[in-house]
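Asks: Using only what follows, build the 3D model:
(one chain, ligands or ions: 2)
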Amino acid sequence: MIIKELSPHLANLIAAGEVVERPASVAKELIENAIDAGATRIQVEIENGGITYLRIMDNGCGMTKEDAPVAFKRHATSKISTEDDLSKIGTLGFRGEALAAIASVSRIDLFTKKRESLVGLHLHLEAGKITENEEAGCPDGTTIIIRDLFFNTPARMKFLKKDFTEAGYIISVVEHAALSHPEISFSMIRDGKQVFATSGDNKLITPVFSVFGREITSNMIEISKFERGNITVWGYITKPHLCRPNRSMQHFFVNGRYIKSKLMGAALEEAYKNQIITGKYPSCALFIDLPLNLVDVNVHPAKTEVKFAEEKPVFEAIYIACKNALEQNDNIPVLNKKPKEDNITGMQQVIEPKKPKVQEEIKKEPIENPIFKLNKVKLSPVIKPPIIDCDDDFDTPVNEVKVCSPVVDMAKVEYKTETVIKAKPEIKQEVKQEIKPSAKVIGEAFKTYIIAEDKDGFILLDKHAAHERILFNELKKTTQIPVQQLLTPYIAEMNINEFEVLQENRETLSKLGFDISVFGEKSFAVRAVPAYIDMADITVILSEIAEKLSNYCTPTPDEFDDLIHTVACKAAIKAGKATTQMEMQKLFDKVSNDNEVNCCPHGRPVMVRLTKYEIDKLFKRVNQ
Ligand code: ADP
Ligand code: MG
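Replies: Residues are numbered from 1 along each chain as shown. Ligands and ions are numbered 1, 2, ... in the order given. Prediction:
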């Protein structure tokens with residue numbers, strides 16, 4: 001018998017891998033439990049980014065001394081009991097695995113008391129095992145303290161970021177909870193200092209103010225309940241002038257649950273179309289409610305994604321609600337007076353945003369929804385609107401010619417431009433030479449375009465685009481990117497985010513040819529870089545790579561290509577830089593002998609041909 005059932009502890013550890021990724025996921029589960037328990041006050045306190053200490057205190061219904069130990073069992077839940085319940089989940093939790101999973105990777109103290117009970121209960125758990133179970137005097141509700149998260153799973157621990165970053169993720173979790181529950185008073189304490197709070201006055205503007213701050217909040221448009229079919233949309237969206245360079249301030253909620261949704265983002269952004277510059281994004285706290293059976297929340301262990309039974313009505317409702325709100329509003333920027341005292345909670349200075357004009361009117365005459373008229377394809381089967389990820393203009397080369405990768409002997413590779421041009425697999429060179437005899441380089445225009453001549457006419461070659469493409473193709477084919485060791489380490493100063501991303505991705509960087517080690521608080525000592533990279537470009541290229549890496553978890557092969565492309569782009573000779581005649585001819589020969597080099601990795605053309613016939617025509621040497 002080689003197949004065995006996993007022990008409950010092992011099963012919990014595996015579940016923990018899915019549910020408990022980092023302290024913020026613990027905070028999310030525990031806050032959700034507190035909300036489900038009907039709390040009106042929830043306090044979150046953390047130390048060291050929640051890694052050593054995370055406490056969630058609520059004044060909810062509490063648990064009996066019989067129920068509490070069961071809550072830590074896997075698949076123990078009070079929220080659903082029949083299969084039927086699964087299709088209409090109204091609580092935040094339902095999987096019954098959070099407490100068991102969290103308990104398996106931490107030390108827990110739980111204090112809980114039901115209002116009607118005289119005394120409460122204290123449980124202590126170590127790695128999922130209850131080691132203390134005693135009566136305790138405690139307030140109504142539940143307080144749960146998680147200590148030393150991942151103490152028994154060091155591999156998990158390694159993936160955690162700096163305390164400050166982890167704390168940031170927890171703050172986001174609290175913000176989302178506060179936005180979706182204006183009726184609950186939240187407070188968040190980090191290392192002894194209150195960093196976020198809401199009053200629980202049941203006005204959405206209160207958490208909106210706390211989350212977005214004064215400047216953005218006073219430039220937001222309110223969408224009060226907009227109904228379309230069985231979908232209700234409401235919330236706040238920013239005026240077009242206040243758009244941001246990323247989507248980090250787009251918060252979407254479905255039936256009170258914070259979710260990540262490309263669909264909702266696409267609908268929002270579609271409403272701003274032609275009102276904001278490409279590359280800028282609106283911010284929002286947007287809520288939709290729809291019948292529970294039209295949305296499946298059980299598609300992701302962390303419950304941050306949902307599946308809509310029908311996407312089109314959701315898209316339309318959001319699009320029209322936002323478009324109407326934007327059209328009804330004057331969209332004039334509001335300038336803010338600085339408040340006398342700084343107020344992190346935002347509770348005392350709640351501002352009254354301008355209400356959109358009569359909402360009834362809007363309902364009567366919904367504006368047309370152009371996107372569904374023009375392009376129905378966008379809706380099915382899964383909406384993948386072009387406005388999402390449209391910044392990716394990277395073009396993977398087609399017509400791959402399979403050749404052996406050149407084996408690069410690190411010790412022997414020279415790193416001058418000439419070497420680049422020579423470093424071509426021989427087989428390929430032979431094959432290609434039969435295809436095209438090369439033209440003669442006769443000069444260069446604007447230090448950008450190489451001009452070559454053959455019997456049929458002129459060829460203009462974009463120096464940078466061509467070189468970039470050649471490098472890209474070569475780097476892609478080799479298993480070992482050639483590197484150049486630096487005689488003295490180069491110190492690259494990064495910003496804190498870049499620093500953290502790069503530090504986490506040292507392995508990927510090393511595959512790309514970078515050898516970096518931490519040098520200061522935010523700087524690296526760079527000891528090796530990919531061949532052909534100019535010293536002056538090191539910081540720039542590292543920060544470009546950091547930006548890309550921050551969007552990937554572990555780069556997929558396509559994403560890795562994208563990184564290679566970044567390297568190739570920086571390594572390629574720049575337009576505007578003088579190139580010798582010999583270098584030009586070499587580059588030209590290489591390009592004209594390479595079928596794959598017809599456009600740069602961005603898709604821009606590399607060569608343009610002006611035929612002799614066309615030139616003769618210009619000079620009227622031939623008849624039309
Ligand atoms: P789920 O939330 O999916 O039911 P959990 O493991 O998070 O699963 O919690 C298990 C059970 O413990 C819940 O169903 C609930 O009955 C109880 N529980 C957890 N946290 C609290 C709390 N803060 N207050 C009251 N009951 C709680
Ligand atoms: Mg739960």
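Asks: all contacts plus neighbour counts: C-alpha atoms, from now on.
Replies: Noted.
Asks: Next, count neighbours for I481.
Replies: 22 (other CA atoms under 10 Å).
Asks: Spell out which parts of this structure neighbour ligand 1.
Replies: Within the chain, the positions lying close to ligand 1 (CA under 6 Å from any ligand atom) are 33-34, 37, 60-63, 71, 76-79, 93-100, 142.
Asks: Tell me the buried residues within those residues.
Replies: Among the residues of the chain next to ligand 1, those classed as buried by neighbour count (16 or more other CA atoms under 10 Å) are 33-34, 37, 60-63, 71, 76-77, 79, 93-100, 142.
Asks: check the residues of the chain next to ligand 1 against ligand 2, which are close?
Replies: When the residues of the chain next to ligand 1 are checked against ligand 2 using CA under 5 Å from the ion, the ones in range are N33, G93.
Asks: Give me the sheet partners of the strand ranked longest in the chain and which way each runs.
Replies: Secondary structure of the chain per DSSP state E: the longest strand is strand 483-493. Here strand 483-493 has these sheet partners by DSSP bridges: strand 523-530 (antiparallel).
Asks: Show me what the helix or strand following the partner strand is packed against.
Replies: Following strand 523-530 in sequence order, the next helix or strand is helix 538-549 (DSSP states H and E). Helices and strands touching helix 538-549, by 3 or more CA pairs under 8 Å, 6 or more residues apart in numbering; DSSP states H and E, are strand 483-493, helix 496-504, helix 557-571.
Asks: Neighbours of T131, how many?
Replies: 10.
Asks: mind listing the helices in the stretch 1-150 of the chain by residue range?
Replies: Remark: helices assigned in the stretch 1-150 of the chain by DSSP state H, counting those that start in this stretch are 8-19, 23-36, 67-71, 98-104.
Asks: To what extent is the nearest residue to L86 once chain neighbours are set aside buried, counted in neighbours?
Replies: Closest residue to L86 apart from its sequence neighbours, by CA to CA, 6 or more residues apart in numbering: I80 at 7.0 Å. For I80, the tally of surrounding residues (other CA under 10 Å) stands at 18.
Asks: again with Y490
Replies: 18.
Asks: Also the one 5 residues further on?
Replies: The tally of other residues near N495 (other CA under 10 Å) stands at 11.
Asks: Correct me if wrong: it contacts F524.
Replies: No. In this structure, N495 is not within contact of F524 by CA atoms under 8 Å, at 11.1 Å.
Asks: now L286: how far from ligand 2?
Replies: Shown here: L286 relative to ligand 2, a distance of 24 Å by CA to the ion, to the nearest Å.
Asks: meant to ask about K88, not that
Replies: For K88, the distance to ligand 2 - CA to the ion - is 16 Å.
Asks: OK, contacts around that residue?
Replies: By CA atoms under 8 Å, 6 or more residues apart in numbering, K88 lies in contact with L292, N293.
Asks: And the closest residue to ligand 2 within the stretch 51-200 of the chain, how close does it get to V299?
Replies: Nearest residue of the stretch 51-200 of the chain to ligand 2 (CA to the ion) works out as G93 at 4.1 Å. With distances taken as CA to CA, to the nearest Å, G93 is found 13 Å from V299.
Asks: any idea where the strands of the stretch 251-400 of the chain begin and end?
Replies: With DSSP state E, counting those that start in this stretch as the criterion, the stretch 251-400 of the chain has strands at 257-259, 284-289, 295-296, 307-308.
Asks: Confidence-wise, which of those strands is weakest overall?
Replies: Least confident of the strands of the stretch 251-400 of the chain, judged by mean pLDDT, is strand 295-296 with a mean of 87.
Asks: what packs against that one?
Replies: strand 307-308.
Asks: which neighbours does the strand it packs on have in its sheet, and in what orientation?
Replies: Partners of strand 307-308 in its sheet, by DSSP bridges: strand 295-296 (antiparallel).
Asks: so which of the helices of the stretch 1-150 of the chain is the most packed in?
Replies: Most buried of the helices of the stretch 1-150 of the chain by mean neighbour count (mean count of other CA atoms under 10 Å) is helix 98-104; its value is a mean of 29.
Asks: just to revisit the earlier point, could I get the helices of the stretch 1-150 of the chain as CSV with mean pLDDT?
Replies: Putting these into CSV (pLDDT from 0 to 100) gives the following:
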stretch, mean pLDDT
helix 8-19, 71
helix 23-36, 95
helix 67-71, 94
helix 98-104, 92
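Asks: want to throw those helices into a markdown table with distance to A571?
Replies: Formatted as a markdown table, those follow (distance: least, CA to CA, whole Å):
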| stretch | distance to A571 |
| --- | --- |
| helix 8-19 | 40 |
| helix 23-36 | 40 |
| helix 67-71 | 58 |
| helix 98-104 | 47 |
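Asks: roughly how far apart are the residue nearest to the spatial centre of the chain and H181?
Replies: Geometric centre of the chain, nearest residue: N551, 4.8 Å, by CA atoms, centre = their mean. In this view, N551 and H181 are 29 Å apart by CA to CA.
Asks: try A127
Replies: From A127 to H181 the distance is 32 Å (CA to CA).
Asks: got it, and S81?
Replies: S81 is 26 Å from H181, by CA to CA.
Asks: and those two? which has more neighbours close in?
Replies: H181 (22 against 11).
Asks: Show the model's pLDDT score for the more buried one.
Replies: 97.
Asks: For it, what are phi and psi?
Replies: Backbone geometry at H181, expressed as degrees, to the nearest 10, gives phi -140, psi 70.
Asks: Same question for L512.
Replies: Dihedral angles for L512 - degrees, to the nearest 10 - are phi -80, psi -10.
Asks: Tell me the pLDDT of it.
Replies: Looking at L512, the pLDDT reads 88.
Asks: My read is that it contacts Q484, right?
Replies: No. Using CA under 8 Å, L512 is not in contact with Q484; the gap is 11.6 Å.
Asks: residues shared between the contacts of those two?
Replies: With CA under 8 Å, 6+ apart, L512 and Q484 have common neighbours P530.
Asks: Would you point out the helix or strand in this structure whose mean pLDDT is lowest?
Replies: Least confident helix or strand of the chain, by mean pLDDT, DSSP states H and E, is helix 417-422 with a mean of 26.
Asks: Quick check: which ranges of the stretch 1-150 of the chain have low pLDDT?
Replies: 15-18 (pLDDT under 70).
Asks: at 50 what do you get?
Replies: Along the stretch 1-150 of the chain, no part satisfies pLDDT under 50.
Asks: P207 contacts L179, doesn't it?
Replies: Yes. Counting by CA under 8 Å, L179 is a contact partner of P207 at 5.3 Å.
Asks: more crowded one of the two?
Replies: Neighbours were counted for P207 and for L179 using other CA under 10 Å; P207 has more, 34 against 31.
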